[in-house]
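Chemist: everything below, folded, please.
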Amino acid sequence: MTASKTEAEKAAPPGERPEQIEADERETVEELARLRAPVIYRIISDEGRQELARPAASIWWSGLAAGMALGLSVVMKGLLHHYLPDTPWKPVLESFGYPVGFLIVVLGRLQLFTENTLTAILPILTQPSRKRFMQLTKLWGLVFVANVTGALIAAAFSTIPGMAGAEQLSAMLEISAESLDRSMLELFLKGVPAGFLIAAMVWMMPSSKGFEFWVVLLMTYLIALGGFTHVIAGTTEVGLLILNGQGGLALLPGFLLPSALGNLVGGTGLFAVLAYAQVKEEV
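Modeler: The predicted structure follows:
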């Protein structure tokens with residue numbers, strides 16, 4: 001052991017001992033080390049506690065902006081659907097338009113209902129209380145209504161003459177019409193993996209410093225490619241159909257209820273509970 005240390009000292013630059021090198025590199029090692037699950041849980045729980053305590057006005061305006069931003073996911077996917085040639089691989093490429101709105105929402109730290117199915121629930125799983133359940137009810141209710149309102153506003157803007165060409169609008173309606181072809185059970189089932197993927201995205205963010213863009217892109221791209229149902233982005237699609245006479249007002253609650261339940265089951269019922277189960281003995 002002494003001989004080994006002596007050789008290491010000889011190999012080190014003049015005036016620099018191995019102990020000094022180790023001290024200098026310790027910060028780099030800490031940065032490169034993977035975050036343990038309990039640490040991720042605490043980070044997201046802290047964010048959740050902050051969200052639960054935010055003023056109602058802040059929640060509302062942030063949620064409204066998020067709903068409008070998600071409308072861009074439908075618009076961008078529709079534009080790619082319009083401009084790409086009809087080939088077997090067209091859905092693979094046009095699905096890259098879907099993450100646009102999510103990138104704005106997540107990286108812009110806006111309030112999104114399906115993100116809160118994980119973030120806001122973790123503090124309650126750790127320390128349940130009546131006060132926190134009331135805060136959760138307020139948060140979910142406000143964010144959901146604000147998101148839906150923003151998504152419908154985005155749909156209305158897309159139908160204003162001059163905002164989109166007739167062919168572009170037709171492409172948006174074409175991809176939106178898939179909502180009409182699904183039963184309430186199918187909307188629910190398709191909503192479960194979408195909720196799970198959004199929750200997984202939130203869970204991955206603390207350990208993805210510098211790569212947040214790619215995490216959001218991948219998770220939301222999978223939602224589009226798999227044809228899964230996201231309640232807020234889908235609201236823009238349903239709004240477009242209603243405003244263009246391709247469905248009645250009853251189409252909106254018929255979409256919202258099963259889709260929201262599916263997203264909740266995937267985000268809270270599956271991912272959040274599993275995340276808590278793996279760390280409950282450590283937090």
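
Chemist: excluding its backbone neighbours, what's nearest the spatially most central residue of the chain?
Modeler: Geometric centre of the chain, nearest residue: I198, 4.1 Å, by CA atoms, centre = their mean. Nearest non-adjacent residue to I198, counting by CB to CB, 6 or more residues apart in numbering: T114, 4.4 Å away. Yep, even glycine has a C-beta here, placed from its N, CA and C like the rest.

Chemist: do A155 as well
Modeler: Spatial nearest neighbour of A155, excluding adjacent residues (CB to CB, 6+ apart): G239 at 3.0 Å.

Chemist: and the residue nearest to the centre of the chain, that's in a helix?
Modeler: Yes. Checked against DSSP: H, G, I helix; E, B strand; the rest coil, I198 lies within a helix.

Chemist: so it makes contact with T229?
Modeler: No. Using CB atoms under 8 Å as the test, I198 is too far from T229 to be in contact (11.6 Å).

Chemist: what do the two both touch?
Modeler: Residues touching both I198 and T229 by CB atoms under 8 Å, 6 or more residues apart in numbering: N263.

Chemist: so where is the stretch 151-283 of the chain shaky, pLDDT-wise?
Modeler: 283 (pLDDT under 70).

Chemist: all helices for it, in order.
Modeler: Using DSSP state H, counting those that start in this stretch, the helices of the stretch 151-283 of the chain run over 166-176, 184-204, 212-225, 231-243, 251-264, 273-279.

Chemist: quick one: contacts of the fourth one?
Modeler: Under the criterion CB under 8 Å, 6+ apart, residues 66-67, 70-71, 73-74, 98, 101, 112-114, 147-148, 151-152, 154-156, 158-159, 172-173, 175-180, 191, 247-249, 251-252, 255-256, 259-260, 262-263 lie in contact with helix 231-243.

Chemist: residues contacting V192?
Modeler: Residues in contact with V192, defined by CB under 8 Å, 6+ apart, are G262, N263, V265, G266, L270.

Chemist: hmm, the fourth one is touching P193, no?
Modeler: Yes. Look at G266 against P193 with CB under 8 Å: they come within range, at 6.0 Å.

Chemist: more neighbours: those two, which one.
Modeler: Neighbours were counted for G266 and for P193 using other CB atoms under 10 Å; G266 has more, 27 against 20.

Chemist: check the gap between the more buried one and P253 for me.
Modeler: Noted for G266: a distance of 20 Å to P253, by CB to CB, to the nearest Å.

Chemist: now swap in E212 and tell me
Modeler: Counting by CB to CB - E212 and P253 are separated by 34 Å.

Chemist: and these two? which has more neighbours close in?
Modeler: Set E212 next to P253 and count neighbours by other CB under 10 Å: E212 wins out with 16 against 10.

Chemist: check contacts around K138.
Modeler: Residues in contact with K138 (CB under 8 Å, 6+ apart) are A56, I59.

Chemist: in what helix or strand does it lie?
Modeler: helix 130-158 (DSSP states H and E).
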